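>>> no FASTA, just this:
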């Protein structure tokens, strides 16, 4: 059988993955949720037709969104994760014994339920005693918090669906308010390559910059995301992702990672010229 | 009983389209073919509905078939004797309402915080206003409704007045005791006119302030395009049992176009059907959205999203809880400043900001996500921009000193002077902030230092001032002495 899952990476570029079968499909209150068994990438989760994660390359995304801030700021105790219903981010966070509490805010409970069923290796820690799950809108949740979190991770979908509110200036401003003075915000920052993604990326950067004193962007290579070239944002009230990196400390933890290491940490903030130009930093 | 499931104009337009009539009449774009760029922009469906009056489609100036039928169904939906389709804006409905009951020199009792269209009607028809001071909430700085006792006094002092004009509700959602005021009017042989530009939903939702026609109003101007969902500029004029249908039609035809837009008329027809069939659910949702936002905004602290707790049986007789008015002065920002910050920095456009308040329009078309965006933005604005409130102007309403009728002043001999030198003279023009479009100064009123200070302050805070011949409001035309 010749069955393919196709996502449009731009209006005239397509990305297709050969699929053995569709394991799940539903329309939740917020979005369409699909799980496919693919040949190359293992199981694949798509929301509204966009690939969120696959078993084969999810480690890249989750390593980069979690270990970068964790290696910079070693006293992280209280964490807010927004989005991330697939559990991967929480799984990586829970490997740190120093973390005392994680608030997981996911708008769609069905994503968590579906991932528990089809991605058990990603959701291993989602019921950890340190994790409190809140099924609500991230923008709504964070508004009520003040000076509470050492780290906020925005593990959102693209800004064209239920994740729209997580790319707004009011959201970043409310996050600023919810962080401690040494807190860090890390976010999924879209891609610089195709025009629509690049526009969303620039807008997000501009807004974060208008709110935070320090605002840096880093990159990773994620094969199943549009163009494969993906960015993350690191913002703080002063903590610097390179200067404040404590390599010895992180390496002493002995965490085994498939993508992240402290050498890569230093390198991933070095960006191509065209990206620097887009960010207004060239 | 007429069926509210019907929408006769809409049905006739659909049939007209199917019949593929060959158009040798206006409009010249002929179903869009003559203007491909416009058709590309607005869509073929829209262009093919932009047609001319004709036998199958009736005629707005003298309706006998589908428009007549649609008006009868609308009248029933609103509990009126007659309903007139208005395509020149609610302004036209308000003007027709006033002109239908007041002739040259007749007195009309009204609050001063009326929309400019009401005073325009006085310029056109020569009626003379008897202003009842609206109540003012000092803390919020906004004009309210009219206190019954104040109206009663005006009626006693002016037993020859022809009508009482009531905002139901004001732009901020505040209602007067319209039912008692209607009884008062009728017991003195006066007509009761309701400006319901912001009250369409009163006719269809539960837990709403009383609607004008249900309270005994003789005429009401209803902005279907505000809370009712029809296209901008479309409205209804409603009339009660004691009003001559034919005479009102003549008055409307004095000013309204003879080329009534079928886009606007079909939008009225379809929206009326929607409200009649689904209004209860729709407005329950709108109310729950507004209530949610109000409670969240009040939780932020510093802002005050007011509601029914201010009802006092007088000038704040009732409140429309779908209105989300937020007092901002306690965070040290004028409403207009918050309005500008929301648009420029957060990409959120709200209805208006005045000196001390903002108004966000919550409606049939809102999405839950967006409610939280506005609340989140207000939270962030307080964090970043709040400052000390000393030195901020605290009032929105100045009692006018009326020296001439609006018509006498508007058509009187005038001269132009720099506005700051105009104190003590009689204004020949309007000055207002837009929105809300309630005049700070109307033709015939004395200019005072207090009014000039207010205009200057509003301009400095960024209000959009309009009304004078001089578009920059540097000069004002005053009556020659």
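Yep, it's here. Note that this is a predicted model, so its numbers are computed, not measured.

>>> so where's the chain uncertain?
You didn't pick a chain, so chain A it is. Within chain A, the segments meeting pLDDT under 70 span A:282.

>>> ah, I was thinking of chain B
Residues of chain B meeting the criterion pLDDT under 70: B:395-396, B:435.

>>> residues of it that sit close to chain A?
Contact residues, chain B versus chain A (C-beta under 8 Å from any C-beta of the partner chain): B:296, B:299-300, B:345-347, B:368-369, B:372-373, B:375-377, B:379-380, B:383-384. (Glycine included, C-beta is placed from N, CA and C.)

>>> mark which of those are buried, thanks.
Buried residues within those, defined by neighbour count using 16 or more other C-beta atoms under 10 Å in any protein chain shown: B:296, B:300, B:345-346, B:369, B:372-373, B:375-377, B:379-380, B:383.

>>> out of those residues, which one sits closest to residue A:6?
Residue A:6 lies nearest to residue B:369 out of these, by C-beta to C-beta, at 27.9 Å.

>>> next up, the contacts around that closest one.
Each residue near residue B:369 by C-beta atoms under 8 Å, 6 or more residues apart in numbering or on different chains is listed here: A:137, A:139, A:162, A:164, A:165.

>>> grab the nearest non-local neighbour of the fourth one.
Right, residue A:164. In space, and not counting its chain neighbours, residue A:164 is closest to residue B:369: 6.3 Å by C-beta to C-beta, 6 or more residues apart in numbering or on different chains.

>>> do the same with the last one
For residue A:165, ignoring the flanking residues on the chain, the nearest one in space by C-beta to C-beta, 6+ apart is residue A:139 at 4.1 Å.

>>> just the residues of chain B next to chain A: which are in helices?
Mapping the residues of chain B next to chain A onto helices (DSSP state H) picks out B:296, B:299-300, B:345-346, B:368-369, B:372-373, B:375-377, B:379-380, B:383-384.

>>> thought residue A:140 was touching residue B:370?
No. Residue A:140 lies out of contact with residue B:370 (C-beta atoms under 8 Å); the separation is 11.9 Å.

>>> any idea how many residues pack against the residue nearest to residue A:165?
Residue A:139: 26 surrounding residues under other C-beta atoms under 10 Å in any protein chain shown.

>>> wait, what's in contact with it?
So residue A:139 contacts A:165, A:166, A:168, A:170, A:171, A:174, B:369, B:372, B:373, B:376 (C-beta under 8 Å, 6+ apart).

>>> please enumerate the helices of the stretch 101-250 of chain A.
For the stretch 101-250 of chain A, the helices defined by DSSP state H, counting those that start in this stretch cover A:109-118, A:138-143, A:169-178, A:195-211, A:247-252.

>>> looking at these, which is closest to residue B:31?
Nearest to residue B:31 among these is helix A:195-211 (34.9 Å), distances taken as C-beta to C-beta.

>>> could you pull out the buried residues of the closest one?
In terms of neighbour count (16+ other C-beta under 10 Å), helix A:195-211 has its buried residues at A:196-198, A:200-205, A:207-209, A:211.

>>> what does it contact?
With C-beta under 8 Å, 6+ apart as the test, helix A:195-211 has contacts from A:10, A:158-160, A:167-169, A:172-173, A:175-176, A:185, A:187, A:189-192, A:215, A:217, A:226-227, A:231, A:233, A:235, A:278-279, B:345.
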